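In: Got a predicted structure here, sequence first:
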Amino acid sequence: MSDDLDGWGGAEFVLAADRLDTPDVIEAADPGDMLRQVASAAAQVRTALRSCAETDLSAFAADGRPRAIVVAGMGGSGLAGEMLNAMAGLSSPVQVVVSQAERLPGWVGAADAVVAVSCSGSTPETLAIATEAARRGCRLAGVGAGGSPLHRIAEQARAPFIPVVPPGLPRSMLWAVAVPLLVIAERIGVARIGTDVYELAASRLEEISHQCRPASDSFVNPGKSLALDLVGELPMVWGTSALSGVAARRFAGQLQENAKYPAIYGMLPEAAHSQVAAFDGPFAPRSSRLSAQEPGSGPDDLSDLPGWDLDYEEDEAASGFTALRLILIADPDEDPRVASQRAAVTELAGQRGVGISELAMDGEHPLVRLAGVIQLADYASVYLAIASGIDPGQTVAIRDLRTRIE
């Protein structure tokens, strides 16, 4: 838990911590049972495996390997495709493409497989791609709610359909939609997982859920502690590999949807060439933006410029701006050069007064490593909403936008 209370006043921080350690407050602040939905992750893995076993997936076999797998899905459904892409790696014999649009790429045809993923089974973009895939003669599979429009499209195309049971809020059903996609990829030789690994991942999800349970106090609850680190700060979430980049993207998305917090997603090494520049901006408490002027970038005497106060204190927080908080998700399989960058970024952030939270992935298989850190991040995003006095389940802005575009 952070000791820096400059972003919020000390009283507000204490109030946030008190909310997270009062069971009645947690229950009242979470009328949509988002915490319960997060806790269902392990059950989602096991239920999805049963659904796959009960579905005829004979159209997907290693002896009929497609040229490419196109995963059509928005939000968490699209993230399932990114999970597959990260686990397949650069050595995959089949290209994995995630499509988050209403049209298939022009090159996709009968030699390719399209997996349309929509938890509700009614996402317009995904339905459009599924329909187009069937028309182009692609090998099609659907994953979503039973009896949904996506289910009907799959039936009409005589394509396999794996139901999500039971359907819930899409953002909380990542594992329900990801496991069928991974099973299909495994059947055609794109991924190597196996029954034992799925169970290890489910066990890891249960382990994190136990550690992050609502009855556990914030000083021993990693989900609550991480949430309190983020209270009143601007999260910048970076991964250090393709795998941890997926976790970083998931965390940023969950912060936005659950906590209603803007969050910046990035991945090393690319972030070291772009996003790190924010450490010299107004959101970095001890920014060097005044003292590190580049040659030729302006007048020698900044006192001549209106609005500049040269009585700048290095240790003084930037007034009027929310402080950055860097969350680094470290993968033990990260490239050695990226590991060096991560160490340098940590040092640089400390010099600029940017708070740092580092999440370490753990486990031999990529799926197990993802399970642990994603589950922790999901809990933290819900706890941050509760700590801030926000209902994590409400989606008013999303609904208002849809009414304006439908």
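Out: Done, it's in.

In: Could you list the low-pLDDT ranges of the stretch 51-200 of the chain?
Out: Applying pLDDT under 70 to the stretch 51-200 of the chain picks out no residues at all.

In: which residues in it form helices?
Out: With helices called from DSSP state H, counting those that start in this stretch, the stretch 51-200 of the chain shows them at 76-88, 124-136, 149-156, 174-187, 195-211.

In: For the third one, name the packing helices and strands.
Out: For helix 149-156, the helices and strands in contact under the criterion 3 or more CB pairs under 8 Å, 6 or more residues apart in numbering; DSSP states H and E are strand 113-118, helix 124-136, strand 139-144, strand 161-163. Where C-beta positions appear, they are placed from N, C-alpha and C, glycine not excepted.

In: Of those, which is nearest residue 360?
Out: Each of those has some distance to residue 360 by CB to CB; the shortest is strand 113-118, at 29.2 Å.

In: so which helix or strand takes in the spatially most central residue of the chain?
Out: Centroid check for the chain by CA atoms, centre = their mean gives residue 250 as the closest residue, at 0.1 Å. Using DSSP states H and E, residue 250 falls within helix 242-257.

In: distance between that helix and the chain's centre?
Out: On the basis of CA atoms, centre = their mean, to the nearest Å, helix 242-257 sits 2 Å off its chain's mean C-alpha point.

In: Equivalent analysis for stretch 245-263, please.
Out: How far stretch 245-263 lies from its chain's middle: 5 Å, per CA atoms, centre = their mean.

In: and residue 101, which of the helices and strands packed on helix 149-156 is closest to it?
Out: Comparing those by CB to CB, helix 124-136 comes nearest, at 6.4 Å.

In: That closest one: which residues count as buried?
Out: 125-134 (16 or more other CB atoms under 10 Å).

In: with those in mind, which one is nearest to residue 279?
Out: Looking across the buried residues of helix 124-136 and measuring by CB to CB, the closest to residue 279 is residue 125, at 36.0 Å.

In: Not counting sequence-adjacent ones, nearest residue to that closest one?
Out: Leaving aside its chain neighbours, residue 125 sits nearest to residue 102 (4.8 Å; criterion: CB to CB, 6 or more residues apart in numbering).

In: ok, now which ones touch the one you found?
Out: By CB atoms under 8 Å, 6 or more residues apart in numbering, the contact list for residue 102 reads 124-125, 128-129.

In: Same question for residue 363.
Out: 200, 204, 369, 371-372.

In: can you list the contacts of residue 102 in a markdown table and add distance to residue 283?
Out: Converted to a markdown table, those look like this (distance: CB to CB, whole Å):
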| residue | distance to residue 283 |
| --- | --- |
| 124 | 36 |
| 125 | 33 |
| 128 | 39 |
| 129 | 38 |
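
In: Pick the one among these closest to residue 84.
Out: Using CB to CB, the contacts of residue 102 come closest to residue 84 at residue 129, 16.4 Å.

In: Does that closest one touch residue 98 like I think?
Out: No - Residue 129 lies out of contact with residue 98 (CB atoms under 8 Å); the separation is 11.2 Å.

In: what's the overlap in contacts for the two?
Out: By CB under 8 Å, 6+ apart, the residues touching both residue 129 and residue 98 are residue 70.

In: List the contacts of the residue lying closest to the residue nearest to the centre of the chain once chain neighbours are set aside.
Out: Nearest residue to residue 250, sequence neighbours excluded (CB to CB, 6+ apart): residue 374, at 5.4 Å. Applying CB under 8 Å, 6+ apart, we find residue 374 in contact with 174, 247, 250-251.

In: How about the secondary structure of residue 374?
Out: Following DSSP: H, G, I helix; E, B strand; the rest coil, residue 374 is assigned to helix.

In: Make sure I have this right: residue 265 is in a strand.
Out: Yes - with three-state DSSP as the criterion, residue 265 is located in a strand.

In: Against residue 235, how distant is the closest residue to it other than its chain neighbours?
Out: Excluding the flanking residues, the one nearest residue 265 by CB to CB, 6+ apart is residue 252, at 3.9 Å. Going from residue 252 to residue 235 by CB to CB, to the nearest Å gives 7 Å.
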